[in-house]
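Visitor: here is the input, now give the coordinates:
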Amino acid sequence: MNRSSFFSLALAAAAALAAGCATKPPPAPPAPTTPYATTPSVATAPVPAMPPGAGAAPSTTVAPGATPTPASPIPSTTPAPAAAPSVVEPQVARRDLKLPNYPSRDFEIGLFGGTYSTQNFGSSGVSGLRVGYHITEDFFVTAQYGSTKVSDEAFRQILPGGVFVNRTETLKYYTLAMGYNLLPGEVFFGRGTAKLSQGYILAGAGTTDFAGQRKQTIDIGFGLRLLWNQRFAVQTEVRDHMFSLDLLGRRETTHNPEITLGVTVLF
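Guide: The predicted structure follows:
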């Protein structure tokens, strides 16, 4: 074979090979069956880290020549927030209670006796009735009626006929006073007995009937109340009954002190 024939056969074989490659492409490699194939994968942009408790991010690795499929969502393991508890309405059966009836002991009534000194006419015994009401623990009001006999025997020794029409005249008074409690304490009787005590002051006004005259009277004084128990009390008082009198030829304001001791019932 000469040289020209050899070149002609080589050119024909090259043309046939080029025509076969152009008409039939080489077969594609088989697609991987799992995402963990050893074939090289195309990596996408890095996925940011998920916060704790969040579901795992789906893989974005795609093999060459394979159609990417959307990854199915992975259910989250984070528990749903609990609902706020509703307001509990108490269902309590009501009971009818009977409150104890404690006595108030605000009222008092009592009797007293003592000595009444009438200015210019000496002293004589006095007795009467006392009624009171305690408004608060500190303040109280008291009404008092007293009666005594007054004699002009000393004047009859000097003046014929004396001062009064009769030898003795009845003096009666009615007073209404406001009192204020102070100096609370105790009075001891021996070593094992003590009684509550309460000092007080008072002032008031009233009327005095004496020798046929009715005079307006100012009444001031102080006293001590001894609570023997919750119902009974013993009290002593010193009062000054002031009123004007003109039996001796001139009008003057007289002071008539009184000292009494009485028993009171509280209710």
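Visitor: just name the shakiest helix or strand of the chain by mean pLDDT.
Guide: Least confident helix or strand of the chain, by mean pLDDT, DSSP states H and E, is helix 3-23 with a mean of 63.
Visitor: need the contact partners of the helix or strand just after that one.
Guide: Scanning forward in sequence from helix 3-23 by DSSP states H and E, the next helix or strand is strand 107-118. The list of residues contacting strand 107-118 from outside it, by C-beta atoms under 8 Å, 6 or more residues apart in numbering, reads 123-134, 146, 148, 150, 171, 210, 233, 235, 237, 254, 256-267. In short, each C-beta sits where N, CA and C put it, glycine included.
Visitor: now the buried members of those.
Guide: Using 16 or more other C-beta atoms under 10 Å as the burial test, the contacts of strand 107-118 include 126, 128, 130, 132, 134, 146, 148, 150, 171, 210, 233, 235, 237, 254, 256-258, 260, 262, 264, 266 as buried.
Visitor: the stretch 151-267 of the chain: helices as residue ranges?
Guide: For the stretch 151-267 of the chain, helices defined by DSSP state H, counting those that start in this stretch occupy the ranges 153-156.
Visitor: strands of that one, start to end?
Guide: 168-189, 193-210, 213-227, 232-245, 252-266 (DSSP state E, counting those that start in this stretch).
Visitor: may I have the strands that pair with the longest one, each with its orientation?
Guide: Strand 168-189 has the following strand partners under DSSP bridges: strand 139-151 (antiparallel), strand 193-210 (antiparallel).
Visitor: cool, and the third one?
Guide: The strands beside strand 213-227 in its sheet (DSSP bridges) come out as strand 193-210 (antiparallel), strand 232-245 (antiparallel).
Visitor: closest to R167 out of the ones you listed?
Guide: R167 lies closest to strand 193-210 among the strands paired with strand 213-227, at 14.8 Å (C-beta to C-beta).
Visitor: what angle do that closest one and strand 107-118 make?
Guide: On the basis of axes from the mean of the first three to the mean of the last three C-alpha atoms, to 10 degrees, strand 193-210 is oriented at 60 degrees to strand 107-118.
Visitor: so which bits of strand 193-210 are buried?
Guide: Within strand 193-210, the residues scored as buried using 16+ other C-beta under 10 Å are S197, Q198, Y200, L202, G204, G206, T208, D209, F210.
Visitor: then stretch 219-238?
Guide: Under the neighbour-count criterion of 16+ other C-beta under 10 Å, stretch 219-238 has D219, G221, F222, G223, L224, R225, L226, L227, A233, V234, Q235, E237 buried.
Visitor: let's have the strands of the stretch 151-267 of the chain in a markdown table, adding mean pLDDT.
Guide: Compiled in a markdown table, the strands of the stretch 151-267 of the chain are given as follows (pLDDT from 0 to 100):
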| stretch | mean pLDDT |
| --- | --- |
| strand 168-189 | 94 |
| strand 193-210 | 95 |
| strand 213-227 | 95 |
| strand 232-245 | 95 |
| strand 252-266 | 96 |
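Visitor: distance to L99 added to the ones you listed, as CSV?
Guide: Output for the strands of the stretch 151-267 of the chain, formatted as CSV (distance: least, C-beta to C-beta, whole Å):
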stretch, distance to L99
strand 168-189, 27
strand 193-210, 26
strand 213-227, 25
strand 232-245, 26
strand 252-266, 21
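Visitor: if anything else comes up later, I'll come back, but that's it for now.
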